[in-house]
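Colleague: turn this into a structure:
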Amino acid sequence: MIIGTGIGGHNDIVEFNVTTNFWCNSCKDLEQTIDPRAGENVRIDKIPMLSLDTLLGMFQQPINFLKADIEGSELEAFLLCDEIQLAKVKNMAIAAYHMVDGKQTVDTIQYVLDNQGYKTIKECEPYNGFPGYTLVYATQEEWKC
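Modeller: Take a look at the predicted model:
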């Protein structure tokens, strides 16, 4: 199923900043973007956004895998998501390479998921100029490597 929407912490219409450096497109205001790699703003698209709660509530069955790369809305989406709804998801891969108040969002996301009973690991390989620890993988099962 394809759902044409962004995912965040609330249901709304949001502004999505499209920049000259597509690696730095974000739902955040460019004034809040400290990273000089963002380049110049090309345009701002208005897009519908669903909360992670709303999205997960659309499904009655367990969800085997959720991949989230939601351009700066990770904290809001996962911190505001109801634990019962989130528990529907068995496995996740979350891109969380943004900085908020001097902390990488991946650390906060990992902490939240650990406290909800997920087993988590972080990917710590730098990618295209981004620092390591940019992805968190979570599972409700034992890791099978």
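Colleague: following element in sequence after the least confident helix or strand in the chain by mean pLDDT, please.
Modeller: Ranked by mean pLDDT, DSSP states H and E, the weakest helix or strand in the chain is strand 99-100, scoring a mean of 74. Once strand 99-100 ends, the next helix or strand along the chain (criterion: DSSP states H and E) is strand 103-104.
Colleague: gap between the least confident helix or strand of the chain and the chain center?
Modeller: 13 Å (C-alpha atoms, centre = their mean, to the nearest Å).
Colleague: and that strand, what other elements does it pack with?
Modeller: Of the remaining helices and strands, none touches strand 99-100 by 3 or more C-beta pairs under 8 Å, 6 or more residues apart in numbering; DSSP states H and E. Backbone N, C-alpha and C define where each C-beta goes, glycine included.
Colleague: correct me, but Gly6 touches Pro48?
Modeller: Yes - between Gly6 and Pro48 a contact is recorded at 6.9 Å, counting by C-beta atoms under 8 Å.
Colleague: mind listing the strands the least confident helix or strand of the chain pairs with, and their directions?
Modeller: Strand pairing for strand 99-100, using DSSP bridges, gives strand 103-104 (antiparallel).
Colleague: for stretch 116-132, list every residue counted as buried.
Modeller: Tyr118, Thr120, Lys122 (16 or more other C-beta atoms under 10 Å).
Colleague: actually, stretch 101-121.
Modeller: For stretch 101-121, burial by neighbour count (16+ other C-beta under 10 Å) applies to Gln104, Thr105, Val106, Thr108, Ile109, Gln110, Val112, Leu113, Tyr118, Thr120.
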